[in-house]
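In: here's my sequence, what's the structure:
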Amino acid sequence: MIIAQIESQIRYVTNVDGETTDVLVPVEVWQQLISSINSDHVCGLAWIDEQEPKAQILAQLQESV
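Out: Coordinates of the predicted model:
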C-alpha cells in the first residue's frame, strides 16, 4: 500500500480550536502498516530491535564476546 492510498483513508480529529489532535485509521490499513513494520526486510531487524538503545546493544555484544 502506498502513502497516497493510506492518506486517502485516514481521518483527522480536531479540537474546538481546529488543531489536529488524533488520527483515525481503518483497522485494515492499521494491520497492514503494523505488518509492514514488523517484517521490514531492508534492515533485517524487527521494529522493537531498532528502538533498543545503542548502549544496551553494545553491552550485550561485549557480554557475548
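
In: from Ala55, how far out is the residue nearest to Asn15 when sequence neighbours are not counted?
Out: Nearest residue to Asn15, sequence neighbours excluded (Cβ to Cβ, 6 or more residues apart in numbering): Thr21, at 5.2 Å. Glycine gets a C-beta too; all of them are placed from N, C-alpha and C. Counting by Cβ to Cβ, to the nearest Å, the gap from Thr21 to Ala55 is 34 Å.

In: now do Ser35
Out: Taking Cβ to Cβ, one finds Ser35 at 30 Å from Ala55.

In: give me the contact list for the helix or strand harbouring Asp22.
Out: Element membership of Asp22, judged by DSSP states H and E, is strand 20-24. Contact with strand 20-24 is made by 10-15, as judged by Cβ atoms under 8 Å, 6 or more residues apart in numbering.

In: how far out from the middle of the chain is the next helix or strand after it?
Out: Downstream of strand 20-24, the first helix or strand assigned by DSSP H and E is helix 27-38. Centroid displacement of helix 27-38 relative to its chain, using Cα atoms, centre = their mean, to the nearest Å, is 9 Å.

In: buried ones in helix 27-38?
Out: Within helix 27-38, no residue is scored as buried using 16 or more other Cβ atoms under 10 Å.

In: and the lowest mean pLDDT element among the helices and strands of this structure?
Out: helix 47-50 (a mean of 62; mean pLDDT, DSSP states H and E).

In: and the helix or strand hosting Glu7, what other elements does it pack with?
Out: Assigned by DSSP H and E, Glu7 falls within helix 3-9. Under the contact criterion of 3 or more Cβ pairs under 8 Å, 6 or more residues apart in numbering; DSSP states H and E, helix 3-9 touches helix 27-38.
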